[in-house]
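# Here is a sequence together with a model predicted from it:
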Amino acid sequence: MKILLLGSGAREHAIAMKIRESRLCEELFISPANAGMISEGVCVNLGNDFEKIKSFAVEQGIDILVVGNEQPLVDGIADSFASDEHTRHINVIGPKKAAAMLEGSKDFAKEFMFKNNIPTARYRTFGKEDLNEAKQFLKTMNPPYVLKADGLAAGKGVVILPTLEEAEAELDAMLSQAKFGDASAKVVIEEFLSGIECSVFVLTDGKHYKILPEAKDYKRIGEGDTGLNTGGMGSVSPVVFADKEFMQKVEDRIIRPTIEGLQKDNLEYRGFIFIGLMSVAGEPYVIEYNVRMGDPETESVMPRIESDLVEAFDLIGKGELDKYEMKIKSDYCTTVMLVSKGYPESYEKGKVMSGMDLCEDCFLFHAGTKADEEGRILTAGGRVIAVTSFGKTMQEALANCYRQAEKIDFEGKTLRRDIGKDLMNLLK
Ligand code: AMP
Ligand code: GLY
């Protein structure tokens, strides 16, 4: 089969690796890709224009389109392929626009959860005209206050504030001053959930589903989960507290009702569902849905999947995912992200990278990298490269990640040295 993968992050690099190892994969194209993906497939740059992507898919005889990132899905790429007679036959891994609203609108997602009795934090949604009412509602909540821009805001739309004054000021900024543009035309105010987070991933054909390995990511730039939020500094899989009993609750209370809810509302969904969970004293609550895989969770999840992912994609296209046997490796897989100094605020690009050829027993998934004319690899983003490793234990996997990460060099290399530490404390 010929496959086109859209994306350029370490997440897509990990998915590309998994696709390429499939016996069903005849040819893999990746757009817009990065320097690390050159060895995984044919890299092209098709941009965001659906017509251009479709023409390419037709010319190359693409059978499967895998969409890594949420934006094209929220913009309706699956609908665009389905409504065109030339591309209708292409199996798009990613939901239709209406279903992608699970990520595209927090208000839509919350309503969906309440309607389907899926455990989530208590909330209300307010528009610009409801500012006073929103401030009254804030007063009924306990600190800290959770404010979420309704639309896509490049992962920055959630603000958690310790005092009522700060929460009111933020509400003003979001609603009246359009802090996140159109994305904050509506704001969800919700109850703060105290617990430990976990990311659960599901593959579905809209009717049947398979659960992928769960993972935990580390979002803050600073050790001990301090400082600004980033695109992710590391991840581990499996997650020690997500044991059989917890995952059974997740399946019964969240996954099954989610799939049934999609069917009830005729929301066509083929692809990955990423459920961001909070375990509150062992009980799972949904923090958010995403309509794609997580980054950097995918880097620790893909290597653990033993079965053929392309076979799952193919069965999704046929609506027969129930026939897929998902085999998962029991070993731990962990990821440490190397980032540019200054990230997630301003940082420099174009630093020469070295040492990747010295790394052993690990996967290197590129994020922000590019090759220059001389074939050197340069940094080209805030998050630069993910170092992923297996181990019999989480400690062993992480120790190897850090050993390999030492060998990679570029000016300003920055990393968190405490990935997985909170989970190790749980093991004690
Ligand atoms: P989201 O973009 O919805 O994933 O939110 C970003 C992060 O904010 C989450 O990963 C959580 O760490 C945190 N968060 C979101 N909602 C809540 C909540 N209701 N209670 C506590 N933390 C939350
Ligand atoms: N790791 C969180 C995300 O991908 O949104």
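That came in fine, so what should we check first? Ligands and ions are numbered 1, 2, ... in the order given.

# Let me know the helix or strand that the residue in the stretch 301-428 of the chain that ligand 1 sits nearest to is in.
Closest residue of the stretch 301-428 of the chain to ligand 1, Cβ to the nearest ligand atom: D422 (12.7 Å). (C-beta placed from N, C-alpha, C; glycine too.) According to DSSP states H and E, D422 maps onto helix 421-427.

# which secondary structure elements does that helix contact?
Contacts defined by 3 or more Cβ pairs under 8 Å, 6 or more residues apart in numbering; DSSP states H and E place helix 421-427 against helix 394-407.

# Show me which parts of the helix it packs on are buried, residue by residue.
The neighbour-count check on helix 394-407 (16 or more other Cβ atoms under 10 Å) flags 394, 397-398, 400-401, 404-405 as buried.

# Can you name the residues of the chain that neighbour ligand 1?
Within the chain, the residues that sit near ligand 1 (Cβ under 6 Å from any ligand atom) are 121, 146, 158, 190, 192-193, 197, 276, 287-288.

# Switch those residues over to TSV; also include pLDDT, secondary structure and neighbour count.
Converted to TSV, these look like this (pLDDT from 0 to 100; DSSP: H, G, I helix; E, B strand; the rest coil; neighbours: other Cβ atoms under 10 Å):
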residue	pLDDT	secondary structure	neighbour count
A121	97	coil	18
V146	96	strand	20
V158	92	strand	16
E190	97	strand	20
F192	97	coil	14
L193	97	coil	19
E197	96	strand	16
G276	98	strand	17
I287	97	strand	21
E288	97	strand	19
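
# just the helices in the stretch 201-350 of the chain please.
Using DSSP state H, counting those that start in this stretch, the helices of the stretch 201-350 of the chain run over 244-250, 256-264, 297-301, 309-318.

# okay, those, which one's buried deepest?
With neighbours taken as mean count of other Cβ atoms under 10 Å, these reach their highest mean count in helix 297-301, at a mean of 32.

# Can I get stretch 293-312 as PDB, trimmed to CA atoms?
Extracted in PDB, the C-alpha atoms of stretch 293-312 (Å, rounded to 0.1, in the frame of the first residue of the first chain):
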ATOM      1  CA  MET A 293      -1.900  11.000  18.900                       C
ATOM      2  CA  GLY A 294       0.000  12.900  21.600                       C
ATOM      3  CA  ASP A 295       3.400  14.400  21.400                       C
ATOM      4  CA  PRO A 296       5.800  13.300  23.000                       C
ATOM      5  CA  GLU A 297       3.600  10.300  24.200                       C
ATOM      6  CA  THR A 298       3.700   8.800  20.600                       C
ATOM      7  CA  GLU A 299       7.500   8.500  20.800                       C
ATOM      8  CA  SER A 300       7.100   6.100  23.800                       C
ATOM      9  CA  VAL A 301       3.900   4.400  22.500                       C
ATOM     10  CA  MET A 302       4.800   3.400  18.900                       C
ATOM     11  CA  PRO A 303       7.800   1.300  19.800                       C
ATOM     12  CA  ARG A 304       5.700  -0.700  22.200                       C
ATOM     13  CA  ILE A 305       3.200  -1.700  19.500                       C
ATOM     14  CA  GLU A 306       4.300  -5.100  18.300                       C
ATOM     15  CA  SER A 307       1.500  -5.700  15.800                       C
ATOM     16  CA  ASP A 308       1.400  -4.100  12.300                       C
ATOM     17  CA  LEU A 309      -0.100  -0.600  12.500                       C
ATOM     18  CA  VAL A 310      -0.800  -0.400   8.800                       C
ATOM     19  CA  GLU A 311      -2.900  -3.600   9.100                       C
ATOM     20  CA  ALA A 312      -5.000  -1.700  11.700                       C
END
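
# before we move on, the earlier item: quick one: contacts for the closest residue to the residue of the stretch 301-428 of the chain closest to ligand 1 other than its chain neighbours?
Closest residue to D422 apart from its sequence neighbours, by Cβ to Cβ, 6 or more residues apart in numbering: I196 at 7.2 Å. By Cβ atoms under 8 Å, 6 or more residues apart in numbering, the residues touching I196 are 216, 241, 278-279, 422, 426.

# Looking at those, which is nearest ligand 2?
Taking Cβ to the nearest ligand atom as the measure, ligand 2 lies nearest K216 of the contacts of I196, at 9.5 Å.

# Next, count neighbours for D49.
9 (other Cβ atoms under 10 Å).
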